[in-house]
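A.B. asks: Got a sequence here, can you build the structure:
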Amino acid sequence: MKPKTRRGVNASFCLTFVSFAVHLRLDSQGMAFYLPAMRESSLNFLRKLVNTPSPVGHETRGQRVWLDYAKQFAEETFSDAYGNCVAVRNKGGSPRIMLAAHADEIAMVVNYIDDNGYLYVRRMGGVDAAITKAQRIVIHTRQGPVKGVVGNVAPHLTKLEGEPKPPKIHDLFIDIGVGKRSEAEKLVRIGDPITLVDEFDILRGDLAVARAFDNRIGTFAVAEALRLLAESKIKFHAEVCAVSNVQEEVGLLGARQIAYSLKPDIALVVDVTHATDYPTVSKTQHGDIKIGSGPAITHGGCNHPEVVARLETVATAKKIPLQHEAMSASSGTDTDVIFWTRGGIASALISLPNRYMHSPVEVVSLKDLKQIPQLLTAFVQSVKKGEQFKVKI
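C.D. replies: Numbering: from 1, shown residues only. As a prediction, the model looks like this:
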């Protein structure tokens with residue numbers, strides 16, 4: 001059907017413009033770009049959260065940023081022994097809903113210092129050694145940050161015999177600008193975590209680029225859901241626990257701890273998923289997920305069918321587009337360990353499409369991201385007092 005027009009302007013364009021109002025801003029190079037309307041303080045929170053290093057096992061700095069923001073919309077905040085952080089709204093309500101996402105990012109750690117002061121590393125999480133070469137890095141020491149670069153032999157000096165082989169993580173070496181081990185040991189020590197320096201920026205339109213959107217977008221989304229619930233005039237019955245949990249990248253560890261201690265009735269987990277809308281990725285193998293087409297929900301396994309059905313219902317009511325993913329044995333996210341905690345927690349996974357995951361140039365759509373806290377909020381508001389989700393037999 002041809003859209004009706006008013007004064008020669010396409011009506012559907014008018015609606016789109018109203019729905020996604022844009023603001024002119026400047027990026028880090030002073031270049032102008034348009035960004036779909038996002039609350040200024042929310043965008044600033046996202047930028048600060050992403051830019052704050054949060055290497056796995058050393059998430060404290062990022063957790064402080066998250067708590068400082070979330071506490072504005074919570075009746076209670078706390079952290080546990082290993083740094084899992086919780087912000088609670090409508091304490092004492094029923095059922096108890098956990099909105100969870102992991103705070104940690106993949107990283108490296110100083111493993112050995114040679115006689116010439118070069119550092120060798122181990123990986124913490126799924127670091128790709130091939131794309132880590134020739135990168136600028138920061139070593140997070142007790143005395144403060146130490147700059148360095150991952151060394152890369154010039155092609156002129158490399159003798160190729162057959163096809164070049166990708167490097168192993170133990171092949172990487174870091175140059176911090178010293179000449180011997182004793183100098184290096186005054187600056188760093190074995191066990192210091194290492195992150196890349198790439199930070200948040202706008203690629204074009206509503207597409208943003210950064211290292212470690214995995215999974216600061218999740219912790220952003222659950223904090224924003226808490227804000228939307230606090231600002232909404234719609235009352236809800238559930239107790240909501242927004243959670244920023246630790247050490248997902250090395251075994252889904254923090255989620256096990258906090259799910260066990262919180263004893264939620266329902267858990268919604270937010271993480272990233274692989275966008276497959278770029279060259280060389282097989283859709284027949286990995287599914288058809290596009291950035292800019294809305295968040296994705298996963299079907300099967302740890303994803304409770306009744307919780308997933310409710311997400312679909314509220315998404316339809318709120319006109320939030322959803323994409324769909326299938327899983328076999330596991331989702332590869334905290335959902336895998338949360339759902340079987342204690343006697344079983346009715347759980348579901350909501351994912352943000354992400355191009356180039358586990359790289360310094362992860363790309364996501366801020367429009368997609370904005371829809372996730374809206375979906376979380378609508379779900380919470382839909383839950384009746386004391387409601388429990390059970391598989392229908």
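
A.B. asks: Now stretch 39-54: buried residues?
C.D. replies: Using 16 or more other C-beta atoms under 10 Å as the test for burial, stretch 39-54 gives 42-43, 45-54. Quick note: C-beta positions are derived from backbone N, CA and C, even for glycine.

A.B. asks: Strands - which of those land there?
C.D. replies: Per DSSP state E, strands hold no members of the buried residues of stretch 39-54.

A.B. asks: Could you dump these into TSV with pLDDT added?
C.D. replies: TSV is the format used below for the buried residues of stretch 39-54 (pLDDT from 0 to 100):
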residue	pLDDT
42	97
43	95
45	98
46	98
47	97
48	98
49	98
50	98
51	98
52	98
53	97
54	98
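
A.B. asks: Same question for stretch 317-337: list its buried residues.
C.D. replies: 320, 322-323, 325, 327, 331, 333-337.

A.B. asks: List the contacts of residue 86.
C.D. replies: Neighbouring residues of residue 86 by C-beta atoms under 8 Å, 6 or more residues apart in numbering: 77-80, 241-244, 258, 262.

A.B. asks: can you check residue 167 too?
C.D. replies: Contact partners of residue 167, counting by C-beta under 8 Å, 6+ apart, are 129-130, 133.

A.B. asks: now these: which count as buried?
C.D. replies: Counted by 16+ other C-beta under 10 Å, the contacts of residue 167 give 129, 133 as buried.

A.B. asks: just the contacts of residue 86 now: which is nearest residue 120?
C.D. replies: Residue 120 lies nearest to residue 244 out of the contacts of residue 86, by C-beta to C-beta, at 31.6 Å.

A.B. asks: Show residues contacting whichever strand or helix holds the closest one.
C.D. replies: Using DSSP states H and E, residue 244 falls within strand 239-245. The contact list for strand 239-245, computed with C-beta under 8 Å, 6+ apart, reads 63, 66-67, 70, 74, 84-103, 219, 222-223, 225-226, 229, 254-255, 257-258, 262, 264, 334, 380.

A.B. asks: likewise stretch 149-160?
C.D. replies: Residues beyond stretch 149-160 that count as contacts (C-beta under 8 Å, 6+ apart) turn out to be 118, 132-137, 164, 172-175.

A.B. asks: Likewise for stretch 222-238?
C.D. replies: Residues beyond stretch 222-238 that count as contacts (C-beta under 8 Å, 6+ apart) turn out to be 42, 45, 66, 69-70, 72-74, 87, 89-90, 93-97, 99-101, 240, 242-244, 266, 270, 372-374, 376-377, 380-381, 383-387.

A.B. asks: among those residues, which are in strands?
C.D. replies: Under the assignment DSSP E, the contacts of stretch 222-238 contribute 87, 89, 96-97, 99-101, 240, 242-244, 266, 270 to strands.

A.B. asks: ok, back up a step: just the buried residues of the contacts of stretch 222-238.
C.D. replies: Buried among these (16+ other C-beta under 10 Å): 42, 45, 66, 69-70, 73-74, 87, 89-90, 93-97, 99-101, 240, 242-244, 266, 270, 372-374, 376-377, 380-381, 383.

A.B. asks: Show me where the stretch 1-150 of the chain has its helices.
C.D. replies: Assignment of helices within the stretch 1-150 of the chain using DSSP state H, counting those that start in this stretch yields the ranges 11-19, 40-51, 60-70, 129-132.

A.B. asks: JSON lines please, covering the ones you listed and showing distance to residue 236.
C.D. replies: Formatted as JSON lines, the helices of the stretch 1-150 of the chain follow (distance: least, C-beta to C-beta, whole Å):
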{"stretch": "helix 11-19", "distance to residue 236": "25"}
{"stretch": "helix 40-51", "distance to residue 236": "21"}
{"stretch": "helix 60-70", "distance to residue 236": "17"}
{"stretch": "helix 129-132", "distance to residue 236": "44"}
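
A.B. asks: How many residues are close by residue 159?
C.D. replies: Per other C-beta atoms under 10 Å, the neighbour tally for residue 159 reads 4.
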